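Colleague: generate coordinates for the sequence data below:
(one chain, ligands or ions: 2)
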Amino acid sequence: MKRPFKNILIIPVITAVVSVGLLMVTEMNLTTKNTKLYSEFNEDLKNKNISEVHLTKSDTISVTLKDGTTYKTDNPESPSLKADLLKEGVTVSPGNSTSLGVIGRYMFFFSLLAIGGILIKRSYTGTKGIISVDSLENSSAENSHLTLNDIAGNEEAKESVMDIIDFLKNPQKYREYGARMPKGIILYGDPGTGKTLLAKAVAGEAGVPFYAMSGSDFIQVYVGVGASRIRQLFKKARSHGKAVIFIDEIDAIGKARSNSASGGSDERDQTLNALLTEMSGFNETEGIIVMAATNRLDILDSALLRPGRFDRHIEITLPDISAREKILNLHLQNKPHENIKIKEWSQKTSYFSGAKLEHLVNEAAILACKDNSKDILDIHMDKAYSIVLAGYDKMNRDYIKDSEKRITGFHEIGHALVSHLLLPMDKVSKVTIIPTTKGAGGYTLSIPEDSMYQNKDYLKKRIMVMLGGRAAEEIIFGPEKITTGALNDLKESTSLSLRMVSQFGMGDSLGLLSIESLPDKFSSSMSTEVIKECKSLIESLYEDTKKILIDNIEILNSLTEELLEKETLYYEDLLKHCS
Ligand code: ADP
Ligand code: ZN
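Modeller: Numbering: from 1, shown residues only. Ligands and ions are numbered 1, 2, ... in the order given. Okay, the predicted model is just below:
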């Protein structure tokens with residue numbers, strides 16, 4: 001709770017600035033207010049009214065009369081002036097002593113200010129600096145002119161905001177149907193993938209104002225200010241009727257409360273509560289949508305994700321090869337360029353985010369401009385590529401080696417192929433090696449129909465699909481080269497096998513006993529039995545899984561090669577290889 005104290009420091013700073021300002025104004029007035037024509041000066045000289053003259057090399061000279069008044073007049077720059085003045089008994093001083101004095105005084109004040117500033121800045125370590133309480137006044141609405149066409153790739157995400165745009169355009173229509181739109185949408189994904197861009201495009205497409213703030217703006221201030229900023233933000237947005245409110249870095253206020261007694265958590269709670277209150281305060285049919293962005297969904301407080309709050313979650317992924325080609329094209333479109341091998345560049349830029357691709361094109365444009373080249377050429381792209389790579393830290397994913405890509409490729413195809421062969425009804429709609437916030441690669445199942453029951457055969461096959469990734473790794477790279485990539489698969493398959501054995505009565509030796517329903521003293525003595533049963537179930541399923549993959553090794557290889565080349569495969573691609 002040190003922050004309110006720091007607030008007080010701002011007051012003397014402001015006072016100092018204001019007084020220096022006043023001082024400057026009055027000094028200026030004193031020294032510059034009175035000016036006279038040179039002829040009038042000559043009159044005064046003739047009438048012996050002048051007591052002192054400051055001769056300078058500037059455009060004007062200052063004159064002090066015997067009655068104490070001062071004025072300025074044009075500097076004739078005549079070499080004889082000094083002699084004439086001296087002859088008339090006028091004191092002649094070189095330079096302008098008063099203005100030197102003023103400069104001295106200013107310098108003194110400014111150094112005081114600078115020292116004060118540095119001291120205050122120090123006491124603010126860990127923050128981005130002083131944010132004035134009313135900085136929100138400046139965060140006025142922006143009218144976004146972006147459209148969905150300014151976003152390349154991320155088709156699924158664009159698809160998921162279509163109805164939101166329609167709703168913002170015409171909330172009336174939705175009101176008539178009694179439809180409840182989500183109040184809040186969370187966009188999650190790696191930095192630079194275009195989350196802000198998407199939110200702006202929603203506002204742009206719908207033609208409503210866009211209000212943006214960052215979660216960290218709410219936190220790095222004094223207690224209570226974050227909450228009041230939230231209220232102001234919503235008040236402003238609502239005064240416009242329809243609006244998109246965008247909160248970047250929502251995790252700064254919405255991180256799940258941990259036990260660690262980190263400072264400022266009070267502030268975060270207050271801010272979060274204010275946000276939730278504001279969100280429940282407006283009606284779903286009003287035409288206000290809150291969009292928030294985060295790099296990770298899993299660290300958010302569950303209070304934020306409840307229905308009626310941020311209940312729609314849209315993943316924004318890194319672009320795959322074809323999306324990267326589109327993004328490069330988009331950013332080159334309004335720049336002069338010639339013979340750039342865009343396809344090759346999209347191959348070379350795996351794991352680049354949209355922001356990084358934009359950075360690449362921009363660097364190339366700067367280099368072309370430096371070279372006075374008429375167009376951006378491949379050589380500029382080459383140089384820009386090294387610059388961009390060097391600028392990002394070495395731990396970055398761009399440096400994922402090709403060998404690691406191959407492991408991911410075989411692993412993912414392992415899952416997809418086993419699924420496709422054993423459970424054709426669970427359509428594999430997508431396989432990718434593009435990392436997501438959940439980890440490297442992934443495959444997406446679109447399960448056609450919800451059945452009320454899942455039979456033993458189905459559950460065993462599901463476990464085999466989970467084991468398919470590890471099995472493929474072992475077959476291709478050997479038992480010593482298996483990786484940690486199967487961590488989550490093993491967690492899931494273990495827990496499913498445990499439920500089969502201990503809850504669903506699908507085990508062999510334990511039969512129909514539900515271990516969970518047994519009192520502790522009985523069930524604990526069964527635990528080795530249960531584990532043994534799960535182990536043998538999983539082991540035999542793992543052998544079966546490997547056998548299926550070995551029987552289809554050619555498809556495993558060819559599909560993986562295609563995946564490595566295209567980075568994302570769809571259902572149709574799988575069909576082509578398996579027919
Ligand atoms: P985020 O909010 O996810 O960190 P931004 O929306 O700020 O990312 O993206 C930064 C910039 O990167 C954008 O202004 C745009 O120029 C570029 N960019 C990112 N993704 C895309 C995309 N899918 N298509 C076109 N440009 C993109
Ligand atoms: Zn896996």
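Colleague: so N273 is in which element?
Modeller: For N273, the host element (DSSP states H and E) is helix 265-281.
Colleague: what about the residue nearest to E284 when sequence neighbours are not counted, neighbour count?
Modeller: Leaving aside its sequence neighbours, E284 sits nearest to R180 (CB to CB, 6 or more residues apart in numbering; 4.7 Å). Using the backbone N, CA and C atoms, a C-beta is placed for each residue, glycine as well. A count of neighbours around R180, defined by other CB atoms under 10 Å, yields 14.
Colleague: ok, I550 next?
Modeller: Neighbourhood size, I550 [other CB under 10 Å]: 11.
Colleague: for the nearest residue to it once chain neighbours are set aside, grab phi and psi.
Modeller: With sequence-adjacent residues excluded and distances taken as CB to CB, 6+ apart, I550 is closest to I475, at 6.1 Å. In terms of degrees, to the nearest 10, the main-chain angles of I475 are phi -60, psi -40.
Colleague: next up, the contacts around I475.
Modeller: For I475, the contact set (CB atoms under 8 Å, 6 or more residues apart in numbering) comprises K546, L549, I550, I553, L556.
Colleague: in terms of secondary structure, what does the helix holding N273 contact?
Modeller: Judged by 3 or more CB pairs under 8 Å, 6 or more residues apart in numbering; DSSP states H and E, helix 265-281 is in contact with helix 215-219, helix 225-239, helix 251-254, helix 302-305.
Colleague: mean confidence for the following helix or strand past the second one?
Modeller: As assigned by DSSP H and E, the chain's next helix or strand after helix 225-239 is strand 243-248. With pLDDT averaged residue by residue, strand 243-248 scores 94.
Colleague: what of stretch 305-325?
Modeller: Mean pLDDT, computed over stretch 305-325, is 91.
Colleague: what's the closest non-adjacent residue to A201?
Modeller: L146 (4.6 Å).
Colleague: err, G194, not the other one
Modeller: G354 (4.7 Å).
Colleague: next one: phi and psi at the one you found?
Modeller: The phi and psi torsions at G354 (degrees, to the nearest 10) take the values phi -60, psi -40.
Colleague: how about E284?
Modeller: According to degrees, to the nearest 10, E284 has phi -60, psi -20.
Colleague: ok, it - contacts?
Modeller: Applying CB under 8 Å, 6+ apart to E284 gives the contacts R180, M181, K183.
Colleague: any idea which residue sits dead centre in this structure?
Modeller: P191 (5.0 Å; CA atoms, centre = their mean).
Colleague: ok, now which ones touch it?
Modeller: N295, S353, A355.
Colleague: wait, what's in contact with M464?
Modeller: V418, L422, L541, D544, T545, I548.
Colleague: list the contacts for the nearest residue in space to K48 that is not next to it in sequence?
Modeller: Nearest residue to K48, sequence neighbours excluded (CB to CB, 6+ apart): E88, at 6.6 Å. Counting by CB under 8 Å, 6+ apart, E88 makes contact with L45, K48, I50.
Colleague: what subset of those residues is buried?
Modeller: Neighbour counting with 16 or more other CB atoms under 10 Å marks L45, I50 as buried within those.
Colleague: could you look up the SS state of the residue nearest to A201?
Modeller: At L146 the chain is in coil, as set by DSSP: H, G, I helix; E, B strand; the rest coil.
Colleague: my read: I247 touches S216, true?
Modeller: No. At 10.3 Å, I247 and S216 do not qualify as touching, with contact defined as CB atoms under 8 Å.
Colleague: more crowded one of the two?
Modeller: I247 (27 against 16).
Colleague: quick one: neighbours of the closest residue to the more buried one other than its chain neighbours, just the number.
Modeller: Distances taken as CB to CB, 6+ apart place A292 nearest to I247, at 4.5 Å, with adjacent residues excluded. A292: 26 surrounding residues under other CB under 10 Å.
Colleague: from the contacts of E284, which is closest to ligand 1?
Modeller: K183 (20.5 Å; CB to the nearest ligand atom).
Colleague: quick check: the residue of the stretch 151-300 of the chain nearest ligand 2.
Modeller: Closest contact between the stretch 151-300 of the chain and ligand 2, by CB to the ion, is at D298 (17.6 Å).
Colleague: residues contacting that residue?
Modeller: When contacts are counted by CB under 8 Å, 6+ apart, D298 touches T437.
Colleague: for D251, see how far away it is.
Modeller: Note on D298: its distance to D251, by CB to CB, to the nearest Å, is 10 Å.
Colleague: what residues are up against the residue of the stretch 401-550 of the chain found nearest ligand 2?
Modeller: Using CB to the ion, G469 is the residue of the stretch 401-550 of the chain that sits closest to ligand 2, at 3.3 Å. Shown in contact with G469 (CB under 8 Å, 6+ apart): H411, E412, G414, H415, G485, A486, D489.
Colleague: try it again with 6 Å
Modeller: Applying CB atoms under 6 Å, 6 or more residues apart in numbering to G469 gives the contacts H411, G414, H415, A486, D489.
Colleague: which other residues reach the helix holding N273?
Modeller: Contact partners of helix 265-281, identified using CB under 6 Å, 6+ apart, comprise K183, F218, V223, G226, A227, I230, F234, I253, G254, R309.
Colleague: and the angle from whichever helix or strand comes after it to helix 225-239?
Modeller: Once the chain leaves helix 265-281, the next helix or strand it forms, by DSSP H and E, is strand 288-294. Using axes from the mean of the first three to the mean of the last three CA atoms, to 10 degrees, the inter-axis angle of strand 288-294 relative to helix 225-239 is 140 degrees.
Colleague: thinking again about what came up before, phi, psi of the residue nearest to the centre of the chain?
Modeller: phi -60, psi 140.
Colleague: all strands of this structure, in order?
Modeller: Along the chain, counting by DSSP state E, strands occupy 35-36, 50-55, 60-65, 70-74, 91-94, 184-188, 210-214, 243-248, 288-294, 310-315, 427-432, 442-446, 568-570.
Colleague: what residues sit buried inside the fourth one?
Modeller: Right, strand 70-74. If you call a residue buried by 16+ other CB under 10 Å, then strand 70-74 has these buried ones: Y71, K72, T73.
Colleague: coming back round to it: surely the residue nearest to I247 and D248 touch.
Modeller: No. With contacts counted by CB atoms under 6 Å, A292 stays clear of D248, the gap being 7.7 Å.
Colleague: show me what from the stretch 451-579 of the chain comes close to ligand 1.
Modeller: Near ligand 1, no residue belonging to the stretch 451-579 of the chain is found when assessed by CB under 6 Å from any ligand atom.
Colleague: quick one: low-confidence ranges for the stretch 451-579 of the chain?
Modeller: Within the stretch 451-579 of the chain, no stretch has pLDDT under 70.
Colleague: quick one: name the residues of it near ligand 2.
Modeller: Residues of the stretch 451-579 of the chain found near ligand 2, taking CB under 5 Å from the ion as the criterion, are G469, D489.
Colleague: mind running it again at 6 Å?
Modeller: G469, A486, D489 (CB under 6 Å from the ion).
Colleague: which pLDDT value belongs to the closest residue to G224 other than its chain neighbours?
Modeller: Closest residue to G224 apart from its sequence neighbours, by CB to CB, 6+ apart: Q270 at 6.5 Å. Q270 carries a pLDDT value of 83.
Colleague: try G21
Modeller: Here the pLDDT value assigned to G21 is 54.
Colleague: and the stretch 101-250 of the chain, which residues reach ligand 2?
Modeller: Residues of the stretch 101-250 of the chain lying close to ligand 2 (CB under 6 Å from the ion): none.
Colleague: so what's the residue in the stretch 451-579 of the chain that ligand 1 sits nearest to bridging to?
Modeller: Proximity of the stretch 451-579 of the chain to ligand 1 (CB to the nearest ligand atom) peaks at T568, 14.5 Å away. Beta bridges link T568 to T432, judged by DSSP bridges.
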